[in-house]
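sequence plus the predicted model coming up.
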Amino acid sequence: MKRPTVPHAEVLISDPRWRAALGNVPQLVQRACGMAQRHGHVFSAGVPGPSFVFADDRHVQHLNARFRGKNKPTNVLTFEPPSPMLGGDIILAYQTVQREARQARKTLKAHTVHLIVHGLLHLAGHDHHHPGEARRMEGLETFILRRMGFGDPWKPRPHSHI
């Protein structure tokens, strides 16, 4: 069986802390895109992959205020493509993602990959506005992340007793 091809995703790292914390960010993105394609069928044939921007809270807050009317940073923003022949955009905010990872006792890498997959599934038409949709989307995220060697992103991590 022939594996589906994964379009090349463009990666822009506007905050250097991402590279310092995660290393080869483009390779991580391509790996997540490959797994999402293999198990979530997120790319249409002939359509370029999405663009990823690894930014900071300030940049994401500006976009969130402008396009969603919420003047605060968020972990990830996903923008649908203006045309079906474009790949869309996924923007992540370093400080928010780092804080969430720390609060959930997860690695920054695991949380970042979860948000990459989450954004890709949004671009593929998945959503979480209703309980049934949310369960399906969370189940697919968990399935993909487990295939990548990460734990269930929705399962609380135990407290360490040090």
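In hand now; what should we look at?

if you skip the residues just before and after it, what's nearest to the residue nearest the centre of the chain?
The chain has Ile116 as the residue nearest its centroid, 1.5 Å off, counting by C-alpha atoms, centre = their mean. Distances taken as C-beta to C-beta, 6 or more residues apart in numbering put Ala32 closest to Ile116, at 4.4 Å, once the chain neighbours are dropped. (Glycine included, C-beta is placed from N, CA and C.)

just the helices in this protein please.
For the chain, applying DSSP state H gives helices covering 17-22, 25-40, 57-68, 94-103, 108-123, 131-147.

which of these sits closest to Pro153?
With respect to Pro153, and counting by C-beta to C-beta, the nearest of the helices of the chain is helix 108-123 at 4.2 Å.

before we move on, the earlier item: I figured the residue nearest to Ile116 was touching Leu115, is that so?
No - look at Ala32 against Leu115 with C-beta atoms under 8 Å: they stay out of range, at 9.5 Å.

so where's the protein shaky on pLDDT?
Residues of the chain that meet the criterion pLDDT under 70 lie in 1-7, 41, 44-46, 156-162.

burial of Leu86, as a residue count?
By other C-beta atoms under 10 Å, 13 other residues sit near Leu86.

returning to that earlier point: ok, now which ones touch the residue nearest to the centre of the chain?
28-29, 32-33, 36, 52, 90, 92 (C-beta atoms under 8 Å, 6 or more residues apart in numbering).

same question for His122.
His122 makes contacts with Thr78, as judged by C-beta under 8 Å, 6+ apart.

go on, Gly149?
Gly149 touches nothing, counting by C-beta under 8 Å, 6+ apart.

which parts of stretch 12-22 are buried?
13, 15, 18, 21-22 (16 or more other C-beta atoms under 10 Å).
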